[in-house]
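>>> coords below, sequence missing:
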C-alpha cells in the first residue's frame, strides 16, 4: 500500500504531464484506494474525513477525482491506513 502513496507523491513532485492521461490514471488509482478504504471500514465520507483530520468536502473532491491530496494529507491517510491494517480492520489488495 505504501507504494501507491509514494508513487502519488513522486508524481506530484517531479512529473509534468502534457497529455493529461497520466493525471487521470493517478487520480483514478487514488479514487479506488479511498473508496476501498471507506467501504472496508464502513465509513461515510464525513466519518473518514473526521478520522484523518480533513473536511468532508476534501474527501468528496478526492473521490470524485477533482483533486489529489497534498503531501501532508497523503501522510495522514497512510498513517491511518497503516494503523487500521495493524488492527486487522483493513486489508488492501496489492493491485491498487
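Great, that's in hand. Predicted, not measured: the structure shown is a model, and the values here were computed from it. Residues are numbered from 1 along each chain as shown.
>>> residues contacting residue 80?
51, 52 (CB atoms under 8 Å, 6 or more residues apart in numbering). Every C-beta, even on glycine, is put in place using the N, C-alpha and C of the backbone.
>>> Give me the mean pLDDT for stretch 33-47.
Per-residue pLDDT over stretch 33-47 has a mean of 94.
>>> Run through who's touching that stretch.
For stretch 33-47, contacts defined as CB under 8 Å, 6+ apart pick out 4, 48, 51, 56, 59-60, 62-63, 77, 81, 84, 89-93, 96.
>>> how near is the closest residue to residue 60 other than its chain neighbours to residue 57?
Using CB to CB, 6 or more residues apart in numbering and skipping the chain neighbours, the partner closest in space to residue 60 is residue 45 (5.5 Å). The gap separating residue 45 from residue 57 is 9 Å, by CB to CB, to the nearest Å.
>>> Just the buried residues of whichever strand or helix holds residue 57, please?
Using DSSP states H and E, the element containing residue 57 is helix 56-63. Buried residues in helix 56-63, counting neighbours by 16 or more other CB atoms under 10 Å, are found at 58, 59, 62, 63.
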